[in-house]
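>>> Got a predicted model here, sequence first, then my questions.
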Amino acid sequence: MKIQFRQLFLICCLAAVSTCLLAQTIQDEWDNVENLVIIGDIHGDYDNYFDVLREAGIVNRRGNWTGKESHLVQVGDVPDRGPDTSRIIEHLQKLEKQAERAGGKVHVLIGNHEYMNVTGDLRYVHPGEYEALTSRNSSRLRDAYYQQTLQYIAAQNETREEPLIIDEAFTEKWYNDYPLGYVEHRLAWQPGGEINNWVSGHNSIIRINDMLFMHAGLGPEMLDMSITQINEKIRTEILNTYQPSGNLGESETGPLWYRGLASNPEVSEKPHLENLLTTYSINKVIVGHTPDLGVITPRFGGSVVVTDTGMASYYGGHKASMVVNREGSFALQSGELIPLPQSEEEMIPYFQAMVALLPENQRLKNHLELLINPLPVMDTVPETETGEEADANID
């Protein structure tokens, strides 16, 4: 039996965690930004993340910022699936400081996997993520946590009809379930921890020029909230007021989970997209969260761009980025800048160019074929996977 703690406060003998943290209002809108690089979900793969930054000209071979006044947007999901999360976070923290000094900016958005790590949903944590946080004190910390677990069980056994038996098998399984580095991971991610403080200093949704950026999307129910209201609500949940239900960070229509803009049939989703564009006075929505074709994927004639290409090795290592500059908007793929569509008429030529670059990508070929020879429009719209079900199947 594995003891589950939705929020793991690792007892005063391990750390003194403050629960009086307050959310702050952080800038979430920028205008007149001339150069942008946008990268999708990283999922613990440092090498591929670094390659994408290098190809975009944002860093040099030493990993230092070379983007000058450019803005780099990473759309969330730094952790899980791969082992290098701590290393990536350290590098992003360095780039944030270097970019500020150069007049640029690094925006690391909050994704559903950041939120999951904060709230104790650790289903997708890679063993290497725990290992990376180990130190000479790890065994002592884990033993101390085990003793706290025994005290917790003893207190619960007083009211149980069938007390939980603590035997050799239980102890062996417990130590397998909670590897070295687990305690450090929870201390870092929970309220008051170093990573939690860093994550909560970022936004879930931002506007730059005429573009809205977020991890997943926004459902119709969300359009009565401003950008700042959304950010402050999720930031507050991450800092210290997460509840078992009713949290925006877990909402299937919220900015960390909604897949409609990336997956729903365009004919049914278009009215909502038009309302979203009008509500926030924008022309484009840029998201990640839903890897599919292995390339930067425009939808709705270019009004939506999905930047989650499946960069991490776990998803095939499809390395690409989106670039916005004075000349327009581009996908940077295999060293080539491919202009992103600005209308429905430009969609087929864009995907033809991508197929020419990636002739072995069968999913991409199938998508192009459907654009050229679309299926008849169905009378009913299939339900869209949402929340944890969709995450388990796709991301």
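The structure has been received and is ready for your questions. Residues are numbered from 1 along each chain as shown.
>>> Tell me how far stretch 246-262 lies from the chain's centre.
12 Å (CA atoms, centre = their mean, to the nearest Å).
>>> you'd agree Leu332 is in a strand?
Yes: Leu332 forms part of a strand when assessed by DSSP: H, G, I helix; E, B strand; the rest coil.
>>> I'd assumed Val324 was in contact with it.
No: Leu332 is beyond contact range of Val324, at 10.8 Å (criterion: CB atoms under 8 Å). Any C-beta I mention is one placed from the backbone N, CA and C, and that applies to glycine too.
>>> Between the two, tell me which one has more neighbours.
Remark: of Leu332 and Val324, Val324 carries more neighbours, 24 against 21, as counted by other CB atoms under 10 Å.
>>> Which element, helix or strand, includes the more buried one?
Applying DSSP states H and E as the criterion places Val324 in strand 320-325.
>>> Return the set of buried residues in that strand.
Ala320, Ser321, Met322, Val323, Val324 (16 or more other CB atoms under 10 Å).
>>> Quickly list what the closest residue to the third one other than its chain neighbours is bridged to.
Nearest in space to Met322, with sequence neighbours left out and distances taken as CB to CB, 6 or more residues apart in numbering, is Ile38 at 4.1 Å. Counting by DSSP bridges, Ile38 forms beta bridges with Val73, Met322.
>>> how close does Ile38 sit to Tyr49?
13 Å (CB to CB, to the nearest Å).
>>> Now do the domain split for the chain, please.
29-122+194-376+385-393, 135-180 (automatic domain parsing).
>>> Just name the most buried of those domains.
Among those, domain 29-122+194-376+385-393 has the highest mean neighbour count (mean count of other CB atoms under 10 Å), at a mean of 19.
>>> picking up where we left off before, for Thr307, see how far away the residue nearest to Met322 is.
5 Å.
>>> Likewise for Ile165?
Going from Ile165 to Thr307 by CB to CB gives 50 Å.
>>> now swap in Thr66 and tell me
For Thr66, the distance to Thr307 - CB to CB - is 21 Å.
>>> ok, back up a step: so the residue nearest to Met322 is in contact with Thr309, correct?
No: the criterion here is CB under 8 Å, and Ile38 misses it with Thr309 at 11.0 Å.
>>> close enough to count as contact, Leu218 and Pro255?
Yes: between Leu218 and Pro255 there is a contact at 5.8 Å, judged by CB under 8 Å.
>>> the strands in the stretch 101-250 of the chain, which residues?
In the stretch 101-250 of the chain, the segments counted as strands under DSSP state E, counting those that start in this stretch are 105-108, 205-208, 211-214.
>>> Would you mind telling me which of those is nearest Ile227?
strand 205-208 (5.5 Å; CB to CB).
>>> tell me the contacts of the closest residue to Leu340 other than its chain neighbours?
Computed as CB to CB, 6+ apart, the closest residue to Leu340 that is not its neighbour in sequence is Ser329, at 4.4 Å. Ser329 makes contacts with Lys284, Gly302, Val305, Met322, Val323, Pro339, Leu340, Gln342, as judged by CB atoms under 8 Å, 6 or more residues apart in numbering.
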